[in-house]
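>>> One predicted model, sequence on top.
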Amino acid sequence: MKLMTTIALVIALISLGLASVAYWRSGGKQDVQSLQSSLQRELDALRAKQKELVESASQSLAAAYDRSRQRLAVARENLRKQKEEAVEGLEKQVKLAQEQLEALATKLEESARAAKDLTVSAARSAEEAIALRVHRLQARVTLMQAKAKATRAQSAAANKEFERADQLLAEATDLLREARETLGDDHAYDAQLDAIKDSLREATRAVRAHAEDIRKRIEQVLADTDKIVSTLESDETESAK
């Protein structure tokens, strides 16, 4: 990344100015040279400190990109498993997520390579933008897993396997919690996540009570999950433009 050469230039100008003042006041060449040497040492120390800070920032950025790579690797593996399981209603969502994941992985590498030619601030902003997209994609894949659990719960309940349906809904709830944690401080989807949480709670109550509206309750879970998955798909499409 580019050093903040402007700072160095300003310091150099200040050095020259101070040297001139010293010369004017003392009238002695030796004093001026001594002051210039002192200022040069300070300037060299500042440059060394700048280099150290830039190297530290570079290492921090590299580590951040590595974390995003790891997240994408986890999401890629989860999608592979979902594709193999071929849960009804997930085929198109899995395919699109795989396509967008690979495109995002390519963008990540491009951004990581370009970082060295950017200022620290610009490089950090670019990395944060990529990280946000990675977190959202990983959360989306997790929500798709939750949808698969709910779909199986619906089948289990239809076969009067209420204990199995209850367990699957509990696993879906855990996955919802995981998706929220993945999003972290990204609160753009809180309302939709809360809707899934509420519908899961109602579906679980219906299953435990062996209620007549179990199918309807679980269908609401699926509908709420589809809404947020669709929103995340659209947001990634826009971000990729």
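Thanks, I have it.

>>> drop to CA atoms for contacts and neighbour counts, all remaining ones
Will do.

>>> you'd agree Q220 is up against R201?
No - using Cα atoms under 8 Å, Q220 makes no contact with R201, being 10.9 Å away.

>>> residues near T237, how many?
By other Cα atoms under 10 Å, the residues close to T237 number 11.

>>> For it, give me its contacts.
Residues in contact with T237, defined by Cα atoms under 8 Å, 6 or more residues apart in numbering, are Q100.

>>> What is the three-state secondary structure of A179?
Classification of A179 into helix, strand or coil gives helix, according to DSSP: H, G, I helix; E, B strand; the rest coil.

>>> hang on, it packs against L137?
No - distance between A179 and L137: 9.9 Å, which falls outside the contact criterion (Cα under 8 Å).

>>> out of these two, which sits in the more crowded spot?
More neighbours surround L137 than the other of A179 and L137, with 28 against 23 (other Cα under 10 Å).

>>> who's in contact with the more buried one?
Going by Cα under 8 Å, 6+ apart, the list of residues near L137 reads A75, A97, L101, L232, E236.

>>> ranges for the strands of this protein?
Counting by DSSP state E, the chain has no strands at all.

>>> give me the low-pLDDT residue ranges for it?
Low-confidence segments of the chain, defined by pLDDT under 70: 1-40, 42-57.

>>> Which positions within stretch 73-91 qualify as buried?
Of the residues in stretch 73-91, those buried by neighbour count under the rule 16 or more other Cα atoms under 10 Å are A75, R76, N78, L79, Q82, K83, V87, L90.

>>> And stretch 90-109, by the same measure?
Across stretch 90-109, burial judged by 16+ other Cα under 10 Å covers L90, Q93, V94, A97, Q98, Q100, L101, L104, A105, L108.

>>> I'd guessed the last one sits against I130; true?
Yes - contact criterion Cα under 8 Å: L108 and I130 qualify, at 6.4 Å.

>>> Farthest-apart pair in the buried residues of stretch 90-109, please.
Spatially, the most separated pair among the buried residues of stretch 90-109 is L90 and L108, at 26.1 Å (Cα to Cα).

>>> hang on, the earlier thing: and of the contacts of L137, the nearest to K197?
The nearest member of those to K197, counting by Cα to Cα, is L232 at 17.3 Å.

>>> quick check, nearest of the buried residues of stretch 90-109 to A209?
L90 (28.4 Å).

>>> The closest one is in contact with A146, isn't it?
No - with contacts defined as Cα under 8 Å, L90 does not count as touching A146, sitting 11.0 Å away.

>>> As a check, name the ranges of all helices in this protein.
Taking DSSP state H to define them, one finds helices in the chain at 5-26, 29-85, 91-114, 120-158, 162-183, 190-208, 214-240.

>>> for the third one, packing partners?
Right, helix 91-114. If you count contacts as 3 or more Cα pairs under 8 Å, 6 or more residues apart in numbering; DSSP states H and E, helix 91-114 packs onto helix 29-85, helix 120-158, helix 214-240.

>>> Sweet, I'm off.
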